[in-house]
Structure formats: structure tokens, C-alpha cells
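>>> Take this sequence and fold it.
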Amino acid sequence: MPLNIKQIILVLSLVAAKNQVSGSYCEIFPPEGDSFDGSEFGFIFVPGAQIKGEMYGPLSLKIQSMFPGKLWVGLTEGWFGNFPNHLEVDGGIRDCFSKAQYFSFVF
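As a prediction, this is how the structure comes out:
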């Protein structure tokens with residue numbers, strides 16, 4: 001028996017609610033140096049397929065080290081089923097912004 005639209009919405013809502021607690025998150029790497037003057041750039045990596053976000057850490061950090069300016073790097077991780085989906089992407093990106101803002105005030 002195929003699912004009707006109400007059942008599909010219920011399943012998606014349950015998945016979204018579950019992932020707000022333990023869903024995607026961001027590992028943030030601030031730029032080198034101690035001056036955050038507002039001229040920084042950001043690079044948020046949302047992986048594809050079933051490769052975990054942290055696997056792109058070495059590549060992202062290499063990009064950061066070669067960037068001519070100040071570059072924040074955010075690696076999104078913790079995807080439901082190890083696969084990024086539309087319901088979690090917003091939360092992962094928001095976590096990157098939140099952590100970058102925290103680092104800006106602390107350091």
C-alpha cells in the first residue's frame with residue numbers, strides 16, 4: 001500500500017524533529033591570526049554521496065591555508081544516514097554561522 005501525502009509529511013516531520021536534536025552540525029575552523037575586522041570570507045562544505053564531511057577536512061584546510069585572505073571553513077557533519085538531505089542542510093549551515101559568530105566574540 002503506497003503512502004498518502006499526509007503519511008509522507010508525518011514521516012518527514014518526524015525525521016526533521018529527530019534531526020533537530022541529533023542532526024547535522026558544523027565543525028568550524030577560524031582563519032589564522034587574531035584580527036577579525038569583518039573582511040573575512042566563509043567556506044561551508046556540505047558533502048555529497050555518503051562520504052562524511054570530516055573526510056574533506058584536509059582538503060578544506062589546504063584551501064584555507066592557500067587562500068590569500070582570511071577564510072573561515074565550516075565542515076558539516078552528522079547527517080542522518082550519512083547522506084545530506086534537504087531537511088538538515090539549513091540546520092548544518094546555521095550551526096556554522098552560529099559557531100563562527102561565537103568564535104568572533106571569544107577570540
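>>> excluding its backbone neighbours, what's nearest residue 82?
Closest residue to residue 82 apart from its sequence neighbours, by Cβ to Cβ, 6 or more residues apart in numbering: residue 50 at 4.8 Å. Just so you know, the C-beta spots here come from the backbone N, C-alpha and C atoms, and that holds for glycine as well.
>>> scratch that, residue 33 is what I was asking about
Spatial nearest neighbour of residue 33, chain neighbours left out: residue 70 (6.7 Å); criterion: Cβ to Cβ, 6+ apart.
>>> now the residue nearest the centre of the chain: how far from residue 33?
Nearest to the mean C-alpha position of the chain, by Cα atoms, centre = their mean, lies residue 76 at 2.9 Å. Distance of residue 76 to residue 33, given as Cβ to Cβ, to the nearest Å: 24 Å.
>>> Likewise for residue 49?
34 Å.
>>> Phi first, then psi, for residue 90.
Main-chain dihedrals, residue 90, degrees, to the nearest 10: phi -60, psi -40.
>>> What separation do you get for it and residue 28?
From residue 90 to residue 28 the distance is 17 Å (Cβ to Cβ).
>>> Neighbour count: these two, which is higher?
residue 28 (20 against 11; other Cβ atoms under 10 Å).
>>> ok, the more buried one - contacts?
Contacts for residue 28 were tallied using Cβ atoms under 8 Å, 6 or more residues apart in numbering; they are 72, 73, 74, 96, 99, 100, 103.
>>> For the closest residue to it other than its chain neighbours, what is the enclosing helix or strand?
Leaving aside its chain neighbours, residue 28 sits nearest to residue 99 (4.1 Å; criterion: Cβ to Cβ, 6+ apart). Take DSSP states H and E as the rule and residue 99 turns out to sit in helix 86-106.
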